[in-house]
Each structure stands twice: as structure tokens, then as C-alpha cells.
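Return atomic coordinates for the entry below.
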Amino acid sequence: MPSILQRHRTAALVGAAFILGAASLPLALNITTADAAPQANPVVGSVASSGSFAPVVSADKPAVVTITTTMKADNVSDDGDNSPMDQQFRQFFGGQGMPMPPQAHQGHSQALGSGFIISPDGYIVTNNHVIDKAIDIKVTLDDGTELPGKLIGADPKSDLAVIKIQSPKPLATIAWGDSDKLKLGDQILAIGNPFGIGTTVTSGIVSARGRDLHSGPYDDFIQIDAPINHGNSGGPLVDSSGQVVGINTAIYSPNGGSVGVGFAIPSDEAKAIVAKLEKNGSIDHGFLGVEIQPVTADIADAVGLTQSQGALVAQVSEGTPAAAAGIKAGDIITGLGGRAVKMPKDLSRFVADLTPGTKESLTVWRDGASIDLPFTVGGNDKGEQQASALDGDHSQSHQPSLGIGLADLTPEMRQSLNLPDNATGAVVASVNPDKSAAASGIQPGDVIVSVNQKPARNAHDVQTRVAEAGKEGRKSVLLMIERAGNKTFVAVPFAAA
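A predicted model of the protein is given here:
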């Protein structure tokens, strides 16, 4: 039976691979190159008629760097209990039982990742998780030159960071490309330093676009099949013309290594964030204060929307901008500041991009009509979520159209379900496995607190609201379910009942 509160999976950071020693994982790259040009090298002819990527690699490789970080040993976590990652999405910044590097000082450990130079004066883009908690940063250029790196700015929510190096001569660079033009099947190259063996190039295609891995408000990953591994984090993903269209960030790995499912941050998203980090060193993200979920076809039908678009508000946190603006659970947010909100991740990103303190307006679908609600954008300094996606004897009455048995809340039930004494609603006492409620994930013990956005005080109210929806010709009914202290909306179709 599917769970309406199923935990979202989160993709793992490809991470910085631990350095096991100079003999096994050399830091310096032994490949020598010509003097770097002071600007991005043009790639003449892109991919040659023979199908070779040599022109792209020749132009881009000098601008790809290895980033080695030193951190306190107690800052290096294993892949364990504190990680929100699913077991098959492993965080490779740490390691389980990996030995301390011989060259490290007592109490310190080292790790490495990749990055790429975007300006001749030494600005470098990488992942935030590559440099997170580092007390020392060292950058190794493609010709083996080692230079100290200075952290300019980092943004954990987008997993991007900018560091700076000083060089006596202009550095080779890579130009930004247009990730929006990428199509499924387009050829791409991933460049980085996996396992510390030296700069490595792998090729593949764009496997998917817009992957939401539920790791933050900026989830819009490019999925690729080019192999990326430990240490590839922060390296560039380039197109057939040699321009950066993504930053390699994460892999799906049931066995700890590459299985051909990697993820990159799109360049069109990264460019704006990198520019802010270069200028300000940090980013103040906007904050709204709602938990949201997708609008399915059944939910849209239940509330009278013609299209299954928007972000359904499941819960509003007290004392937040959303609460001050009058946002209510059951509202469907369809726009922000004149931009259409087609899915929850649209709202999360729009809010995250807003500057705290500015005035904005939300377009909300409520009670069959669209209304505009002004609000003041809040700050997100404390790590709040901008707009987080959720993924005795009892008198029972049967509701045949949904396939559930209902019971009124009693003091004993409130106590057993950890509900406050004044909690209202109807307890789901039984679920017919062959009916639509079961297929929608309703479980015994769930408490139905509203039907079609109208409060339900008891089982009779639930029955009445469901009957009203049927009489109105609805194809489904929208229930708000409370389970284990969490509230979420579930649309249950009548047709399958």
C-alpha cells in the first residue's frame, strides 16, 4: 500500500574523495600544457568529423583544477546516521573506516574535489560540499602548479561555492554555456579528478532534465550517463562546443561507485548564484513558511481547477510571512509576482531567489476563485525551509463510496494518537483494500480533519462533505489527513471506489 507520507529520497553529493597518500592518489597532475590564454579558449570546429572530442578537451582541460581541502578530523562524518540521504544515495565527502593520510597532521584529514576557472584572475567554481568546513584549501592547476585557495563565498542551498587563487600569469578559463538548450540525447563531457588519479574526461549523453532529488529549493538537476565518481564534484559538465552547461554534483550509487546515473547543476541556475557569491560572498534567501505538495488531477478536480498545476499548501507555520499574509492550508498557490507556479519546486525556487524584506504578491486558488495575497518576504537565516515539499467501543459508520470505516474521536483515541484534547476529526477505523481510499494511501489510524477544504469535526461531517462532493459531480474528494503529527492532502477518486 503506498504511503501518503512516504519519505522523499535525496541524491548524494558526489563528494570529495579522501586522499589515501601520495603514492596511491597523486595530487599533482603530471600533464604539461602550453601557457594558458587570458580568456576562454574557443573550440574550433567543436567535435571533429571523426567524432573525436579532442578539440574540446584540448581547450577546456587547462582550466579544470583539483581542489584539496584540509579539515579537522571530527568534521569528517561517515556515511551514517546524521545524513538525510537514502542508503542508495551516498554522501562521498566522508568515508567509512578510511585511513588517515600519512601526510596529514594529527587531528586533520584531507579530501579532494574538482573545480573550473571562470576568469583569468583566478575565480574558481566548485561545489559547496567540496570546501565545507575546510580550514585550508589548495588548488592544483592542470600543469601541476599548486596555489593556495581563498574561499570567496558559498551557498549550501544550491551547493555552489567560489574560491580565488592568485597567479603570476593569466589563467585558462572555460566559458559558461546555455543549459536551457540541452536536449535529451545531447552529447556531454564530464571533466574532473576522480579518486585523485589526475584529470579525467568521460563522455555520455543527457539522460533526463529537471530531476528533483528533494535536496533543496534549487533541485533541477541534469541527469547524465557519463561516469563520475569520488572527486568529480565541482568539475564542469561541458557540451559539444566546449562550454560549461553544468556542475557535476551527485551520483546514484547502490554500490559506492558509478553506475552511470549522475547529476549536474544546470549552468543557467549556477551562473546567477555564482555572480552573487563573487559580489557578496553569501546569499540571503527568501522565506515563506509553508509546506507544499503537488496538485494532482484528482486534487484539481476536487477543488475546481481546470489544470493540475500549482502548489497545494499542506501546512502553514505560525509566525511566518505566509501566516501573516493569510495563507491557509488547502490554498493552491498558482503564481508569485506575476510568474506562474506550475509545480511545487517552482514556488520553492521563486521564494529562495527573493530578497528578504521585499514586498511580493501570491496568487492563490481558494473556494473556487483566484485571489491575490500580498506578503513581505522573510529571511532564512535560521535554516527554515522557504516552501518545502512534502514529497472502548467506537461508533463506526461506513462510507461505501471511498471504502473506509470511520469512527468519532474519543478521549482514549486522542491519547493513543498523541492528539490534543481539543482535536477534532474522524478516525479511519478500517480500509477496504479493493477501494480507492486504499489505492490513495489512506491507512487505519489516519485522522481526517477536513474534506474539500472544509473542517470535519466528526465522522458525520466527513460523510456529509463526501456526499456533497458527489452531488456536485466531483470525480474525487480532497481529504486532509493527519498522521504521526504530520498533515497532508490526499485526493481520493470516486470512480475507483
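
which stretches of the stretch 51-200 of the chain aren't confidently modelled?
Along the stretch 51-200 of the chain, segments meeting pLDDT under 70 span 73-107.

Repeat the analysis, applying 50 as the threshold.
Low-confidence segments of the stretch 51-200 of the chain (pLDDT under 50): 76-105.

where do the strands sit along it?
64-72, 108-117, 123-126, 136-140, 146-148, 150-155, 160-164, 187-192, 200-211 (DSSP state E, counting those that start in this stretch).

With mean neighbour count and distance to Ala352 as added columns, please give the ones you listed in CSV.
Where C-beta positions appear, they are placed from N, C-alpha and C, glycine not excepted. CSV is the format used below for the strands of the stretch 51-200 of the chain (neighbours: other CB atoms under 10 Å; distance: least, CB to CB, whole Å):
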stretch, mean neighbour count, distance to Ala352
strand 64-72, 23, 26
strand 108-117, 26, 23
strand 123-126, 25, 19
strand 136-140, 20, 26
strand 146-148, 15, 32
strand 150-155, 19, 10
strand 160-164, 25, 13
strand 187-192, 24, 26
strand 200-211, 17, 16
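
of those strands, which approaches Ala426 most closely?
Nearest to Ala426 among those is strand 200-211 (38.3 Å), distances taken as CB to CB.

thinking again about what came up before, how about a markdown table for the strands of the stretch 51-200 of the chain, with distance to Asn432 added?
Below are the strands of the stretch 51-200 of the chain laid out as a markdown table (distance: least, CB to CB, whole Å):
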| stretch | distance to Asn432 |
| --- | --- |
| strand 64-72 | 55 |
| strand 108-117 | 53 |
| strand 123-126 | 54 |
| strand 136-140 | 60 |
| strand 146-148 | 67 |
| strand 150-155 | 49 |
| strand 160-164 | 49 |
| strand 187-192 | 49 |
| strand 200-211 | 36 |
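
Quick check: Ser241 touching Ala175?
No. Applying CB atoms under 8 Å as the test, Ser241 and Ala175 come out as separate, 9.1 Å apart.

among the strands of the stretch 51-200 of the chain, which is nearest Leu237?
Nearest of the strands of the stretch 51-200 of the chain (CB to CB): strand 187-192, 5.5 Å.

residues contacting Val238?
Going by CB atoms under 8 Å, 6 or more residues apart in numbering, Val238 touches Val56, Asp60, Ile174, Gly177, Ile188, Leu189, Ile191, Val244, Val245.

Quick one: distance of stretch 175-189 to the chain centre.
20 Å (CA atoms, centre = their mean, to the nearest Å).

Give the buried residues for it.
Ala175, Trp176, Gly177, Ser179, Leu182, Gln187, Ile188, Leu189 (16 or more other CB atoms under 10 Å).

In this structure the last one contacts Val201, no?
Yes. Taking CB under 8 Å as the definition, Leu189 is a contact partner of Val201 at 5.8 Å.

any residues in contact with both of those two?
Phe53, Val57.

Ok, which of the strands of the stretch 51-200 of the chain comes nearest Gly262?
Per CB to CB, nearest to Gly262 of the strands of the stretch 51-200 of the chain: strand 187-192, 7.2 Å.

who does the closest one pair up with?
strand 200-211 (antiparallel), strand 236-239 (antiparallel) (DSSP bridges).

need the contact list for Gly192.
Here Gly192 is in contact with 64, 113-114, 199-200, 228, 231-236, 248 (criterion: CB under 8 Å, 6+ apart).

hmm, try it at 7 Å
Val64, Ser114, Thr200, Ile228, Gly231, Asn232, Gly235, Asn248 (CB atoms under 7 Å, 6 or more residues apart in numbering).

Let's have those residues in TSV, adding distance to Lys454.
Listed next are these as TSV, based on distance: CB to CB, whole Å:
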residue	distance to Lys454
Val64	58
Ser114	54
Thr200	60
Ile228	50
Gly231	55
Asn232	52
Gly235	53
Asn248	49
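
Farthest-apart pair in these, please.
Val64 and Ile228 (13.0 Å).

For the strands paired with strand 187-192, please prepare TSV with the additional fields distance to Ile442.
Compiled in TSV, those are given as follows (distance: least, CB to CB, whole Å):
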stretch	distance to Ile442
strand 200-211	29
strand 236-239	43
